[in-house]
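In: Fold the following for me, if possible:
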Amino acid sequence: MKLLIVLASNPYSHDFNTAVKLANAGIERNHTVFLFFMANGVYSLVREEIKNLAKLGAKIYYCAHNANQRKIKPEDWAESSSMYGLSKLMSEADKVIMLD
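Out: The predicted structure follows:
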């Protein structure tokens, strides 16, 4: 199964912890896990938990425009994307979870 988790809220909210736990559960079940960060969610890219998810095999995407607005420069394990990229991920995913 392909699971897409979209996070738009800040990295110190309960939504961040929920996203990390859902992603870990998906990885443990051998699902393909995509995380997409947008709006204030791009601040999550500086958290170590997200880097660890990437190491475990989750595919990390972020809205380049939102990151640029907030002066966030993600590392190379996160892929720059856009709202168009998000729409493509949504059409390919079996399940989409939006945390805002």
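
In: now the protein, which segments are flagged as low pLDDT?
Out: Low-confidence segments of the chain (pLDDT under 70): none present.

In: can you map out the strands along it?
Out: Here the chain has its strands, by DSSP state E, at 2-7, 32-37, 59-63, 78-81, 95-99.

In: mind putting these in TSV, distance to residue 14 included?
Out: The C-beta positions use only the backbone N, C-alpha and C, and glycine is treated the same way. Listed next are the strands of the chain as TSV, based on distance: least, CB to CB, whole Å:
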stretch	distance to residue 14
strand 2-7	11
strand 32-37	16
strand 59-63	20
strand 78-81	22
strand 95-99	9
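
In: Most tightly packed of the ones you listed?
Out: strand 32-37 (a mean of 24; mean count of other CB atoms under 10 Å).

In: Adjacent strands (with direction) for it?
Out: Next to strand 32-37 in the sheet, as set by DSSP bridges, lie strand 2-7 (parallel), strand 59-63 (parallel).

In: pull the longest helix from this protein.
Out: The helix that spans the most residues within the chain, counting by DSSP state H, is helix 14-28.

In: Just want the angle from that helix to strand 32-37.
Out: Here helix 14-28 runs at an angle of 160 degrees relative to strand 32-37 (axes from the mean of the first three to the mean of the last three CA atoms, to 10 degrees).

In: Could you pull out the buried residues of helix 14-28?
Out: 15, 16, 19, 20, 22, 23, 24, 26, 27 (16 or more other CB atoms under 10 Å).

In: Just give me the neighbour total for residue 76.
Out: Neighbour count for residue 76, taken as other CB atoms under 10 Å: 6.
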